[in-house]
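Colleague: Here is my input; please provide its structure:
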Amino acid sequence: MAAPTMDRPTSAAPAAVQTMTIAKAINNGLRAAMEADPKVIVMGEDVGKLGGVFRITDGLQKDFGEQRVLDTPLAESGIIGTAVGLAIRGYRPVCEIQFEGFIFPGFDQIVSQVAKLHFRTQGRLKLPMVIRVPFGGGIGAVEHHSESPESYFAHTAGLKVVSCSNPADAYWMIQQAIASDDPILFFEPKRRYYEKGEVDTTTAPSPLFQSRVLRTGTDATLVAYGPMVRTALDAAAAAEEEGRSLEVIDLRTLSPLDLPPVYESVRRTGRLVVVSEAPSESSITSEIAAKVQQECFYSLQAPVLRVTGFDTPYPPSKLEEEFLPDLDRVLHAVDRSLAW
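Modeller: Okay, here's the model as predicted:
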């Protein structure tokens with residue numbers, strides 16, 4: 001990225017370690033990327049004056065102007081198509097899809113253009129663009145506002161897909177995604193937007209496409225991403241009270257998958273439970289289960305188990321707690337694995 005370009009006075013340097021929500025961390029990460037490179041442009045429905053429905057882009061239009069933070073029409077295909085043109089011309093557009101279910105009007109642009117242009121031009125064109133997607137349930141909303149469509153895009157060759165689960169990752173991963181020359185879908189766990197954590201704004205972050213062990217354990221391995229990472233950590237804490245030691249791994253990257261840390265963990269624990277809000281059929285959890293049994297067959301002491309959303313359209317809000325994986329369902333899967 002280019003050297004920082006400052007078009008406004010700066011205040012005193014902030015403290016290196018700050019407590020912030022995931023929402024604020026993404027906002028600060030976007031701000032840092034826009035300060036560092038004048039070619040970074042934020043665009044989407046109501047991202048400017050309103051600051052987005054979740055206020056993720058709050059204040060950016062005021063500070064960077066309407067030429068760099070653009071309120072678009074309600075037309076996802078137009079948003080993505082415009083971003084493709086901007087990326088080809090050397091800009092680094094960041095598109096916000098207001099809710100994950102609204103991404104499908106732009107699906108053709110993403111899979112037919114965004115995913116293929118680099119290969120179609122034999123590498124002559126790069127497409128440095130980020131598509132931000134708030135995803136998942138837990139906010140009491142209806143269909144189109146609570147879905148988990150990440151498997152569609154992780155399956156699509158030419159796209160990279162990542163998901164943050166905590167403020168520190170949110171702050172750094174959005175900047176790393178913007179700095180990448182590849183098109184990246186950035187899935188944000190919207191039900192976790194207002195959970196707080198410490199963010200060190202000076203320490204070098206982990207590589208973008210790398211999973212991470214968050215908690216070590218010896219009895220079984222829990223793998224999750226996005227909103228389910230907190231659920232997995234809570235399950236590990238509850239299991240510890242019963243004398244069971246669970247290792248928790250945050251995938252962070254869904255395409256490409258970084259599974260060597262998972263293989264290493266499973267070879268030690270002998271058991272794996274994969275947790276995701278998405279339906280189980282033809283999903284990321286399916287791919288993980290297949291690859292782990294292929295690579296760790298002789299280490300497994302039980303079948304790989306999955307705790308997921310159900311294979312139905314997202315239900316009305318009054319039923320979503322029955323649909324979403326929760327602490328009890330994760331612990332039940334752990335019990336089944338340990339009893340095998």
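
Colleague: now the one helix or strand T231 maps to, how far from the centre of its chain.
Modeller: Using DSSP states H and E, T231 falls within helix 228-240. Relative to its chain's centre, helix 228-240 lies at 19 Å (C-alpha atoms, centre = their mean, to the nearest Å).

Colleague: the inter-axis angle of the helix or strand following that helix versus helix 228-240?
Modeller: Next helix or strand after helix 228-240 toward the C-terminus (DSSP H and E): strand 246-250. Note on geometry: by axes from the mean of the first three to the mean of the last three C-alpha atoms, to 10 degrees, strand 246-250 and helix 228-240 are set 170 degrees apart in direction.

Colleague: for this structure, longest strand please?
Modeller: strand 272-279 (DSSP state E).

Colleague: strand partners of that strand, parallel vs antiparallel please.
Modeller: Sheet pairing for strand 272-279, assigned by DSSP bridges, gives strand 220-224 (parallel), strand 305-309 (parallel).

Colleague: now that strand, how far from the chain's geometric center?
Modeller: Counting by C-alpha atoms, centre = their mean, strand 272-279 comes out at 15 Å from the chain centroid.

Colleague: And the average pLDDT for the helix or strand hosting E198 is what?
Modeller: Using DSSP H and E, the secondary-structure element containing E198 is strand 196-200. Strand 196-200 shows an average pLDDT of 96 in the prediction.

Colleague: Would you give the sheet partners of whichever helix or strand comes after it, along with the direction of each?
Modeller: Remark: after strand 196-200, the chain's next helix or strand is strand 212-215, criterion DSSP H and E. For strand 212-215, the paired strands and their directions (DSSP bridges) are strand 246-250 (antiparallel).

Colleague: got a list of contacts for the helix or strand following the strand it pairs with?
Modeller: Per DSSP H and E, strand 246-250 leads on to strand 253-255 as the next helix or strand towards the C-terminus. With contact meaning C-beta atoms under 8 Å, 6 or more residues apart in numbering, strand 253-255 is reached by 150, 153-156, 159-163, 187, 208-211, 225, 284. Bear in mind the C-beta positions are built from the backbone N, C-alpha and C, glycine included.

Colleague: Apply the buried test to those residues and list what passes.
Modeller: Buried members of these, counted by 16 or more other C-beta atoms under 10 Å: 150, 153-156, 159-163, 187, 208-209, 211, 225, 284.

Colleague: Using CSV, write down the CA coordinates of the helix or strand that contains C95.
Modeller: Following DSSP H and E, one finds C95 within strand 92-96. Extracted C-alpha coordinates of strand 92-96, given in CSV (Å, rounded to 0.1, in the frame of the first residue of the first chain):
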residue,chain,number,x,y,z
ARG,A,92,-9.3,-0.5,-3.8
PRO,A,93,-13.1,-0.5,-3.3
VAL,A,94,-14.7,-1.9,-0.2
CYS,A,95,-18.3,-2.8,-0.8
GLU,A,96,-20.8,-3.3,2.0
